[in-house]
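**Q** Sharing a sequence plus its predicted fold:
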Amino acid sequence: MATITNRQLFFQHLAQTSDKPIGIEVATANGIYIHDTQGKAFIDMIAGFSVCNIGHSHPAVIKAIQEQVEKYMHVIVYGEFVQAPQVQYAKALTSLLPTTLQSVYFTNSGAEATEGAMKLAKRVTGRTKIVAFEGAYHGSTQGALSVMGDEYFKTAFRPLLPDILHLRYNNFEDIELLDQTVACVLVELVQAETGITPANKEWIAALKMKCASLCVLLIVDEIQSGFGRTGTLFAFEQYDIVPDILLVGKALGGGLPLGAFIADTKMMGTLTENPVLGHITTFGGNPVACAAGQAALNILENSGWIHSVKEKETYLIAHLHHPAILHRNHCGLWMSLQFESAAITKKVAAACIENGIITDWFLFAEDRIRVAPPLCITIDELIIAIEKIIKSINQVVAG
Ligand code: PLP
């Protein structure tokens, strides 16, 4: 009897949400490469959607995971026992953050960080209205979905959270619609899923000022933009603002699942009263994930990769162009390439996969290819990746 393959099992037993999964059968991954079970190597030009900022399977992260696994794994729900990997990672993170961002609530994912932060904002302000922006992506759970700025992905799941207001991104007039009924404003400093749309600096300054004047909490989502992607550890450093609540995830866990919302210690203290246990998670802050994240952060800090982001961005701007690319958006090692239609973009992505390049499009911008390699990519490796992308575009253009 023929053995059933993993590919067949993937379609039989894994819930399918993509209408056309990329379907690479992964054997191993290291550095900027993913290898499939046929022995083909792919350059990962999306870094697991900005999770693998230090590349895949860094030996120091593997060592940290192994050492922690040998000591203990899950022991109890979040917030009861003192677990060295959690407290050490929280200490390391907060040492790099302003004095008003010193209390970390670890979650399992980015969406859960969004959920926790929205609850915290309601609890602290006693208000109910939540403001987000058109084009925003903060996760796919029901609360996070409620603040998503795209109707197509929400309609089928209504009713969602009430009292949500969406404003236009980078629009000064809309800031004036904020008032004292608003608990919080959620914002990405670079909207990822519209195809890398950086916020205007003056607009963010005005938004922050308006929020402060109304005691509205500004929640900055750095789940995708964080950990060096834009050329600084966090994008907010380039905007001269301090978020009231910071959301992190993706690269936070060094390849393991981890998210967090980070706020002022006194503010976060409201989650211990009325009700006690104001936010609960079983696995959030898993010690193995924290050990991996801490190792990854050490590598980022000591490697110089964040400092090389601007140079690599400049290289991409100078060399990754083609007459079929209508427009490019970029911010750090994060770029979108716009083609004439979503159909062409999908053909280019498919040709890239054939040529050993992993890329994808954006949730709200299907006519754009995503370019977001691990930050450890070298200029020599970028040259190879660019050549392969251009070759793929040429193949599609030639039909
Ligand atoms: N916020 C942003 C900006 C994101 O890009 C994502 C994920 O893509 C999330 C939130 C949700 O994170 P997760 O998929 O870990 O729930």
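**A** Structure received. Since the structure is predicted, the reported quantities are computational estimates derived from the model, not experimental observations.
**Q** OK, contacts around the residue nearest to A199 when sequence neighbours are not counted?
**A** Counting by Cβ to Cβ, 6 or more residues apart in numbering, A199 lies nearest to L189, which is 5.1 Å off, once chain neighbours are set aside. Using the backbone N, CA and C atoms, a C-beta is placed for each residue, glycine as well. Residues near L189 by Cβ atoms under 8 Å, 6 or more residues apart in numbering: P198, A199, I204, V220, E222, S225, T230, A235, F236, Q238, Y239.
**Q** would you list every one of the strands in the stretch 1-150 of the chain?
**A** Taking DSSP state E, counting those that start in this stretch as the test, the strands found in the stretch 1-150 of the chain are 26-30, 33-36, 41-44, 103-107, 129-133.
**Q** export those to a markdown table and tack on distance to Q338, mean neighbour count and mean pLDDT?
**A** Shown next, in a markdown table, are the strands of the stretch 1-150 of the chain (distance: least, Cβ to Cβ, whole Å; neighbours: other Cβ atoms under 10 Å; pLDDT from 0 to 100):
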| stretch | distance to Q338 | mean neighbour count | mean pLDDT |
| --- | --- | --- | --- |
| strand 26-30 | 29 | 13 | 98 |
| strand 33-36 | 25 | 18 | 98 |
| strand 41-44 | 21 | 20 | 98 |
| strand 103-107 | 34 | 25 | 98 |
| strand 129-133 | 21 | 24 | 98 |
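**Q** what's the closest of these to I262?
**A** strand 103-107 (5.1 Å; Cβ to Cβ).
**Q** and that closest one, what does it pack onto?
**A** Packing partners of strand 103-107 (3 or more Cβ pairs under 8 Å, 6 or more residues apart in numbering; DSSP states H and E): helix 84-95, helix 110-125, strand 259-263, helix 265-269.
**Q** Swap in 10 Å and give it another go.
**A** If you count contacts as 3 or more Cβ pairs under 10 Å, 6 or more residues apart in numbering; DSSP states H and E, strand 103-107 packs onto helix 84-95, helix 110-125, strand 245-248, strand 259-263, helix 265-269, helix 287-303.
**Q** right, and these - which one's nearest the ligand?
**A** Among these, the nearest to the ligand by Cβ to the nearest ligand atom is helix 110-125 (2.2 Å).
**Q** pLDDT value on A2, please?
**A** A2 is assigned a pLDDT of 80 by the prediction.
**Q** Provide the backbone phi and psi angles at it.
**A** Per-residue torsions, A2: phi -70, psi 140 (degrees, to the nearest 10).
**Q** switch to numbering from 601
**A** Renumbered: residue one is now 601, and that last one reads A602.
**Q** Quick check: phi and psi at the residue nearest to T882 when sequence neighbours are not counted.
**A** Excluding the flanking residues, the one nearest T882 by Cβ to Cβ, 6+ apart is V677, at 5.1 Å. The phi/psi pair for V677 (degrees, to the nearest 10) reads phi -60, psi 160.
**Q** contacting residues for V677?
**A** Contacts for V677 (Cβ atoms under 10 Å, 6 or more residues apart in numbering) come out as L877, I880, T881, T882, F883, G884, G885.
**Q** so how far is the ligand from the last one?
**A** From G885 over to the ligand the distance is 15 Å, taken as Cβ to the nearest ligand atom, to the nearest Å.
**Q** List the residues that contact that residue.
**A** 677-679, 683, 685-687, 689-690, 704-708, 858-860, 893.
**Q** Which two of the contacts of V677 have the greatest separation?
**A** Within those, L877 and F883 form the most distant pair, 15.7 Å apart (Cβ to Cβ).
**Q** More neighbours: those two, which one.
**A** Counted by other Cβ atoms under 10 Å, L877 and F883 do not tie: F883 has more neighbours, with 16 against 11.
**Q** what's the closest of the strands of the stretch 601-750 of the chain to the ligand?
**A** Closest approach to the ligand among the strands of the stretch 601-750 of the chain (Cβ to the nearest ligand atom): strand 703-707, 8.8 Å.
**Q** Just give the strands next to that closest one in its sheet, each with its orientation.
**A** Next to strand 703-707 in the sheet, as set by DSSP bridges, lie strand 859-863 (antiparallel).
**Q** Show me what from the stretch 851-999 of the chain comes close to the ligand.
**A** Those residues of the stretch 851-999 of the chain that sit near the ligand, judged by Cβ under 6 Å from any ligand atom, are G859.
**Q** Strands of the stretch 851-999 of the chain, start to end?
**A** In the stretch 851-999 of the chain, the segments counted as strands under DSSP E, counting those that start in this stretch are 859-863, 927-930, 935-938, 957-958, 961-962, 965-971.
**Q** Tell me which of those sits most buried.
**A** Most buried of these by mean neighbour count (mean count of other Cβ atoms under 10 Å) is strand 859-863; its value is a mean of 27.
**Q** per-residue confidence averaged over that one?
**A** Across strand 859-863, pLDDT averages out at 98.
**Q** got the angle for it vs helix 710-725?
**A** Here strand 859-863 runs at an angle of 20 degrees relative to helix 710-725 (axes from the mean of the first three to the mean of the last three Cα atoms, to 10 degrees).
**Q** thought S992 was touching T945?
**A** No. Contact criterion Cβ atoms under 10 Å: S992 and T945 do not qualify, at 11.2 Å.
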